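1. coords please:
(chains A, B, C and D)
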Protein chains: 2
Amino acid sequence: MARWEPNTRLRLIDAAVELFAENGYEATTVAQIAAHVGVSKMTFFRHFPDKREVLFAGQEEQVKMLHDAVAAAPASATPFETVAAAVVELAAYFPPERREPSARLHAVVASHEDLRERSAFKHARLAQALEQALIERAVPAATAGLAADLGARALREAFVRWRSPGYATDLTVLARETLDEFHEAVDLLG
Amino acid sequence: MARWEPNTRLRLIDAAVELFAENGYEATTVAQIAAHVGVSKMTFFRHFPDKREVLFAGQEEQVKMLHDAVAAAPASATPFETVAAAVVELAAYFPPERREPSARLHAVVASHEDLRERSAFKHARLAQALEQALIERAVPAATAGLAADLGARALREAFVRWRSPGYATDLTVLARETLDEFHEAVDLLG
DNA sequence: TCCTTGATGTGACTGAGTAACATCAAGGTA
DNA sequence: TACCTTGATGTTACTCAGTCACATCAAGGA
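-> This next block holds a predicted model:
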């Protein structure tokens, strides 16, 4: 089956990020992305359900990872500790080499409302995964929801800092910092 | 200017909810909604930026209301109290008469992924409004984020219960209950 | 040699969303 | 009365996302 170039999926992702960054998300058509990879429009839609999704490939793995990490926490761990461990574990999948590509990807996502909307949906999906996994650990629903929101928000803030100058380039360090900051902030709610 | 029937915008909203509920979101075209109101497709898009948005009209008012309510809280109020007051104030805009229409609307939104995505985006927008307003009150960023998430989540849960049998039909009562539940749950985070 | 499998291509189609330009009644102004 | 502006609408034509039915063609096994 070596009739076509391999890694079609990855090459489509790279081409999409490049073309979106260069010419803008709206101005780039799916047909252009496909042509850039030497493939037809149909093939694009066989790999991704829609045009936006090409920028969010791999999210489902992260969802599964978070869920499994929560499930694997020791029974003695508090909801916060459980979530924090899962978030840090996820952060470990983003070594410093991934910083620049991540930043480029984020710049594209931030450039268009449709993409920000999809991004918000994915963020909610991460929180939902944490919440569900906590509930399966018999954490009360309200606590599970709050802990999930805290974890997802801390993760997002860690990514923001990761992409900003003046912060550490190790995402796990930033994740721990933001988690601790939010943990302390809990006491200030009143 | 009485050449056309008045309240075109409201009639489009009603027609959309009705047709989506009857025939499904995908199966209903914008042209059908417009025709049902005796208007052209173009007119629909002059009132709503896209097909989904017809189900989320009025959200921006809620965003503004939350922001103003937070800003109007007494200086002595804690972040939780501030957010709770704003959420209850918003809940007051949904008297028992709005329960059935709200439930029908939610059923439509829940029926299609595109609409759930837009809904998640709108939810994030509410949380963002709370967060921003808290920050303008000099609440530390981390605390503001957590309080905003708590408030938005409590509001959502209150709506869920409102639409469920066996709960009060007064949304402000449910909002207070869920806010208190989440407030207590904060202590269980560990 | 035959057959299955899997990834791809082609062409035609629907429907969302946009743009340019026309219409036409209301209400004021000369 | 004649004229003009304004605002909401209609018409037509277009691009592009996304779908569908059907064809292709190499790899690899029976």
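2. can you give me the helices in chain A?
-> Read by DSSP state H, chain A holds these helices, from start to end of the chain: A:8-23, A:30-36, A:41-47, A:59-71, A:79-91, A:99-110, A:113-136, A:141-163, A:171-185.
3. any chance of those in TSV, with mean neighbour count and distance to DNA strand C too?
-> Every residue, glycine included, has its C-beta placed from N, CA and C. Formatted as TSV, the helices of chain A follow (neighbours: other CB atoms under 10 Å in any protein chain shown; distance: least, CB to the nearest atom of the strand, whole Å):
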stretch	mean neighbour count	distance to DNA strand C
helix A:8-23	18	4
helix A:30-36	17	7
helix A:41-47	15	3
helix A:59-71	17	18
helix A:79-91	23	28
helix A:99-110	15	19
helix A:113-136	19	9
helix A:141-163	23	27
helix A:171-185	20	32
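4. Quick one: name the residues of chain A near chain B.
-> Within chain A, the residues that sit near chain B (CB under 8 Å from any CB of the partner chain) are A:77-81, A:116-118, A:120-121, A:123-124, A:140, A:142-143, A:145-147, A:149-150, A:153, A:157, A:181-186, A:188-190.
5. Look up how far A:E181 lies from the spatially closest residue to A:E136 that is not a sequence neighbour.
-> Using CB to CB, 6 or more residues apart in numbering or on different chains and skipping the chain neighbours, the partner closest in space to A:E136 is A:A71 (6.8 Å). Here A:A71 is placed at a distance of 26 Å from A:E181 (CB to CB, to the nearest Å).
6. With A:S119 instead?
-> From A:S119 across to A:E181, the span is 22 Å (CB to CB).
7. can you check A:K41 too?
-> Here the criterion is CB to CB. By it, A:K41 lies 46 Å from A:E181.
8. Pull the contacting residues for A:A72.
-> For A:A72, no residue counts as a contact, taking CB atoms under 8 Å, 6 or more residues apart in numbering or on different chains as the criterion.
9. repeat for A:A129
-> A:V63, A:K64, A:L66, A:H67, A:A148.
10. The first one and A:A124 touch, don't they?
-> No. Using CB atoms under 8 Å, A:V63 and A:A124 do not qualify as a contacting pair, with a distance of 10.9 Å.
11. Show the model's pLDDT score for the spatially most central residue of chain A.
-> The C-alpha lying nearest the average C-alpha coordinate of chain A belongs to A:Q59 (CA atoms, centre = their mean; 5.7 Å). According to the per-residue confidence, A:Q59 scores 92 in pLDDT.
12. Check the spacing between it and A:L188 real quick.
-> As judged by CB to CB, A:Q59 and A:L188 stand 32 Å apart.
13. With A:A75 instead?
-> Separation of A:A75 from A:L188 (CB to CB): 30 Å.
14. same thing with A:Q32?
-> When distances are taken as CB to CB, A:Q32 and A:L188 turn out to be 50 Å apart.
15. ok so, going back, more neighbours: A:A75 and A:L188, which one.
-> Taking A:A75 and A:L188 together and counting by other CB atoms under 10 Å in any protein chain shown, A:L188 has the greater number of neighbours (16 against 7).
16. Once you drop chain neighbours, what's closest to that one?
-> For A:L188, the nearest residue in space outside its immediate sequence neighbours is B:T143; the separation is 4.4 Å by CB to CB, 6+ apart.
17. No further queries at this time; thank you.
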